[in-house]
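K.L.:
got a sequence here, can you model it:
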Amino acid sequence: MLHQLYPYEFVDSVFTIDYEALKKQGFKAVIFDIDSTLVPHGRPSTPAIDELFQMIHQLGLKTFLLSNNSSERIEQFIRNIDTEFISIANKPNKDAYLQAVERLGVKKEEVVFVGDQLFTDILGANRAQMANILVKFLLQEGESKIGKKRKVEQFILKTYRWRKKYQHRLGNIEKKGEKN
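P.N.:
This next block holds a predicted model:
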């Protein structure tokens, strides 16, 4: 049962993903979580994130945001980003993932999901049978404590590291010289 919590890939951040390599593999779209994936919880987008989305779009990949947050939070975040979203997604329920795929106009096999939480983001993507990438979660500046759920995630990631068949299922999707 733990395998439902195992990501296809585990990388340091959204900036270490080689989106061009994903495109070469046939992916046409990337669905992102927002909080603790793209920015620390509740923070606005940054110029680096805005540029990342521009670069992804220039490659010809579509983007989408899937969040358990409110529409107001997401609209505030995407002021400089041209992308669609689903709010109050009820992750890990797979329905919103599949709805996002439908709205993107691509096949489920052509989408990769990127998020920071095993129990919501990765579990939901696996339930939807969607490729996924776990990124290390972002903390607020000066924050050092993590909650109980994150400690359980760390234990699960240790078991993931022992189960080689679940790792690197997308191949080499990290930028050269930027491994975790």
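
K.L.:
CA only for contacts and neighbour counts going forward, please
P.N.:
Noted.

K.L.:
which residues touch the worst-scoring helix or strand of the chain on mean pLDDT?
P.N.:
For the chain, using mean pLDDT, DSSP states H and E, the weakest element among its helices and strands is helix 148-162, scoring a mean of 87. The set of residues that contact helix 148-162 without belonging to it, under Cα atoms under 8 Å, 6 or more residues apart in numbering, is 2-3, 5-6, 117-119, 166-167.

K.L.:
buried ones in that helix?
P.N.:
The neighbour-count criterion (16 or more other Cα atoms under 10 Å) identifies 156-157, 160 as the buried residues of helix 148-162.

K.L.:
alpha carbons only: can I get it in CSV?
P.N.:
As requested, the backbone C-alpha atoms of helix 148-162 are provided in CSV (Å, rounded to 0.1, in the frame of the first residue of the first chain):
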residue,chain,number,x,y,z
LYS,A,148,4.0,15.4,12.4
LYS,A,149,2.7,14.7,8.9
ARG,A,150,6.1,15.8,7.4
LYS,A,151,7.9,13.5,9.8
VAL,A,152,5.8,10.6,8.6
GLU,A,153,6.5,11.6,5.0
GLN,A,154,10.3,11.5,5.8
PHE,A,155,9.9,7.9,7.1
ILE,A,156,7.9,6.9,3.9
LEU,A,157,10.6,8.5,1.7
LYS,A,158,13.2,6.3,3.5
THR,A,159,11.3,3.2,2.5
TYR,A,160,10.9,4.7,-1.0
ARG,A,161,14.7,5.0,-1.3
TRP,A,162,15.0,1.2,-0.5
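
K.L.:
contact partners of stretch 128-144?
P.N.:
Contacts for stretch 128-144 (Cα under 8 Å, 6+ apart): 7-14, 36-41, 94-95, 97-98, 108-109, 111-118, 122, 125-126, 170.

K.L.:
hmm, try it at 6 Å
P.N.:
7-13, 36-37, 40, 94, 112-116 (Cα atoms under 6 Å, 6 or more residues apart in numbering).

K.L.:
list the buried ones in that stretch?
P.N.:
Quick answer for stretch 128-144 (16+ other Cα under 10 Å): 128, 130-139.

K.L.:
let's have those residues in JSON lines, adding pLDDT and distance to I74.
P.N.:
Listed next are the buried residues of stretch 128-144 as JSON lines, based on pLDDT from 0 to 100; distance: Cα to Cα, whole Å:
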{"residue": "A128", "pLDDT": "98", "distance to I74": "23"}
{"residue": "M130", "pLDDT": "98", "distance to I74": "23"}
{"residue": "A131", "pLDDT": "98", "distance to I74": "23"}
{"residue": "N132", "pLDDT": "98", "distance to I74": "21"}
{"residue": "I133", "pLDDT": "98", "distance to I74": "21"}
{"residue": "L134", "pLDDT": "97", "distance to I74": "20"}
{"residue": "V135", "pLDDT": "97", "distance to I74": "20"}
{"residue": "K136", "pLDDT": "94", "distance to I74": "21"}
{"residue": "F137", "pLDDT": "90", "distance to I74": "18"}
{"residue": "L138", "pLDDT": "88", "distance to I74": "17"}
{"residue": "L139", "pLDDT": "70", "distance to I74": "19"}
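
K.L.:
that's all I had, so thanks and see you.
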